[in-house]
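Novice: Next come a sequence and a model predicted from it.
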Amino acid sequence: MEPTELRIGNFIQYNSPDHSICFDLVVGINYSDDFHVHMVELHGRTPININGISPIPITPEWLERLGFELHKPCGDEGFIKWKHKNGVYLLWIEGKFWHDHWSTGIWINSVHQLQNLY
């Protein structure tokens with residue numbers, strides 16, 4: 001995960017001391033003296049090193065948790081459309097999510113990337 005992609009309010013995952021995968025919300029970002037991100041503050045826990053966190057892969061379950069609904073489950077177009085209440089659309093194409101905004105688009109691989117769109 002690139003530190004420049006991280007925003008307060010993003011969901012991330014990390015390994016707990018017992019090696020289980022945990023999900024949490026970023027509530028603060030701490031910078032070193034040379035302005036590089038080095039620690040991330042998580043909700044209800046002590047800060048964690050930026051190298052100890054990783055992106056959460058985007059899944060239909062995460063889309064629903066983030067407020068998306070299945071808009072068009074199937075069709076001749078070969079994709080599935082998901083719609084957020086704020087009007088953001090995602091297309092499920094060949095096992096990946098695509099966000100199309102006017103004439104440009106981006107592949108969405110993780111929850112924090114999607115959160116940074118809206």
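Specialist: Now that the structure is in, tell me what you want to look at.
Novice: what ranges of this protein fall below the confidence cut-off?
Specialist: Along the chain, segments meeting pLDDT under 70 span 33-37, 72-78, 101-103.
Novice: for it, longest strand please?
Specialist: If you go by DSSP state E, the chain has its longest strand at strand 21-31.
Novice: Tell me the first helix or strand C-terminal of that strand.
Specialist: Per DSSP states H and E, the first helix or strand lying C-terminal to strand 21-31 is strand 37-42.
Novice: what are the ranges of the helices in this structure?
Specialist: Applying DSSP state H to the chain gives helices spanning 60-65, 111-115.
Novice: Turn those into CSV, including distance to Gln13.
Specialist: To be clear about C-beta, it is placed using only N, CA and C from the backbone, and glycine gets the same treatment. Output for those, formatted as CSV (distance: least, Cβ to Cβ, whole Å):
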stretch, distance to Gln13
helix 60-65, 11
helix 111-115, 9
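Novice: Need the winner for burial among those.
Specialist: helix 111-115 (a mean of 20; mean count of other Cβ atoms under 10 Å).
Novice: Output the contacting helices and strands for it.
Specialist: With contacts taken as 3 or more Cβ pairs under 8 Å, 6 or more residues apart in numbering; DSSP states H and E, helix 111-115 sits against strand 11-15.
Novice: Neighbouring strands - and their directions - for the strand it packs on?
Specialist: strand 21-31 (antiparallel), strand 53-54 (antiparallel) (DSSP bridges).
Novice: What are the buried residues along that strand?
Specialist: Neighbour counts over strand 11-15 (16 or more other Cβ atoms under 10 Å) mark 11-14 as buried.
Novice: Closest to Tyr31 out of these?
Specialist: Comparing the buried residues of strand 11-15 against Tyr31 with Cβ to Cβ places Ile12 closest, at 17.2 Å.
Novice: what bridges to that closest one?
Specialist: Here Ile12, judged by DSSP bridges, has bridge partners Asp24.
Novice: circling back to that earlier point, with distance to Glu69 and mean neighbour count as extra columns, can I get the strands paired with strand 11-15 in JSON lines?
Specialist: Supplementary listing: those in JSON lines, determined by distance: least, Cβ to Cβ, whole Å; neighbours: other Cβ atoms under 10 Å:
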{"stretch": "strand 21-31", "distance to Glu69": "21", "mean neighbour count": "14"}
{"stretch": "strand 53-54", "distance to Glu69": "27", "mean neighbour count": "18"}
